[in-house]
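# quick one, structure for this:
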Amino acid sequence: MVNYASVHDDHCLWDKLLLSTPGVPENLRANMDKLAVGIVLTAQGVPFLHAGDEFLRSKNLEKNSYNSNDPRVNPLDWSLKSTNKEVFEFYRGMIALRKAHPAFRMHDQADVNRHLKFIVDAPDKAVAYLLKDHANGDRWPQILLVYNGNRQAREVAVPGTWTIVANDRKAGMEALGLATNTIQIEACSLVVAHTENRFGPARIERK
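You can find the predicted model right below:
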């Protein structure tokens, strides 16, 4: 399976967000962009990233740009890389995180069924799951992923002490902080965390 949030056809990701979320503050819309790529880069399967999404490229809202000669459409505006440096660094950190952890790259459905377990009492408009028991030989015993689609922060109960490595601001291999028993996920963002706790969250699906 190939996973993506935008490709060369149709609107690029930032333009999709501009069109679908009128009136939303730009920092929250940037969170939406980071959430989208965070889902792609932590999903099982092959991630596909559209050039320029990593610095919030716009094609001037052009939907079908294959034959456009407008300089505001197809060329990449590389100045956006510095303008939107936090987003660019988030992408880079998520890529590094994925490359370093085979738990995000399981190849067999049986392995996914065995190691991926959803947390059953996640908040509405949020998805939370665990990659458990050294999934795919990963050195982290338990990895928690929470995607919050709400425009407000939400909390998830997760027994144990967790090291957070991705949130609404940064992502990568560096610890960003610790959370014990409860993790807060900011509006339209994700959290990736890991723990040595063998059992992980108590309320997970039992399939």
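
# make it CA atoms for all contacts and neighbour counts henceforth
Fine.

# for the protein, which segments count as helices?
For the chain, the helices defined by DSSP state H occupy 13-20, 26-42, 80-83, 85-100, 109-115.

# tell me which of these is the most buried.
Ranked by mean neighbour count, the helices of the chain are led by helix 26-42 with a mean of 21 (mean count of other CA atoms under 10 Å).

# now that one and helix 85-100, what's the angle there?
10 degrees (axes from the mean of the first three to the mean of the last three CA atoms, to 10 degrees).

# what does helix 26-42 rub up against?
When contacts are defined by CA atoms under 8 Å, 6 or more residues apart in numbering, helix 26-42 is touched by residues 3-5, 13-14, 17-18, 21, 47-49, 56, 87, 90-91, 94-95, 98, 104, 147, 168, 187-190.

# one more time with 6 Å, if that's ok
3-4, 47, 104, 188-190 (CA atoms under 6 Å, 6 or more residues apart in numbering).

# repeat that for stretch 138-151.
With CA under 6 Å, 6+ apart, stretch 138-151 has contacts from 101-103, 125-134, 187-196.

# that one: which residues count as buried?
Neighbour counts over stretch 138-151 (16 or more other CA atoms under 10 Å) mark 138, 140-151 as buried.

# same question, stretch 49-63
Residues of stretch 49-63 classed as buried by neighbour count (16+ other CA under 10 Å): 49, 52-62.

# nearest to I183, out of the helices of the chain?
helix 26-42 (16.6 Å; CA to CA).

# what segments of this structure are strands?
Residue ranges of the strands in the chain, as given by DSSP state E, are 2-3, 46-47, 116-118, 126-131, 142-148, 154-166, 177-185, 189-195.

# output those strands in a markdown table; the columns should cover distance to Y66 and mean pLDDT.
Shown next, in a markdown table, are those (distance: least, CA to CA, whole Å; pLDDT from 0 to 100):
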| stretch | distance to Y66 | mean pLDDT |
| --- | --- | --- |
| strand 2-3 | 22 | 96 |
| strand 46-47 | 23 | 96 |
| strand 116-118 | 39 | 96 |
| strand 126-131 | 35 | 97 |
| strand 142-148 | 33 | 97 |
| strand 154-166 | 35 | 95 |
| strand 177-185 | 38 | 96 |
| strand 189-195 | 32 | 97 |
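
# re earlier: which of the contacts of stretch 138-151 are buried?
Among the contacts of stretch 138-151, those classed as buried by 16+ other CA under 10 Å are 101-103, 126-134, 187-195.

# I'd like the buried residues of stretch 49-63 as CSV, with distance to N31 and pLDDT appended.
Below are those laid out as CSV (distance: CA to CA, whole Å; pLDDT from 0 to 100):
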residue, distance to N31, pLDDT
L49, 17, 97
G52, 16, 96
D53, 13, 97
E54, 12, 97
F55, 12, 98
L56, 11, 98
R57, 15, 96
S58, 16, 96
K59, 19, 96
N60, 20, 95
L61, 19, 96
E62, 22, 94
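
# distance to E174 added to the contacts of helix 26-42, as a markdown table?
What follows is the contacts of helix 26-42, written out as a markdown table (distance: CA to CA, whole Å):
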| residue | distance to E174 |
| --- | --- |
| N3 | 25 |
| Y4 | 25 |
| P47 | 22 |
| F104 | 17 |
| C188 | 22 |
| S189 | 18 |
| L190 | 16 |
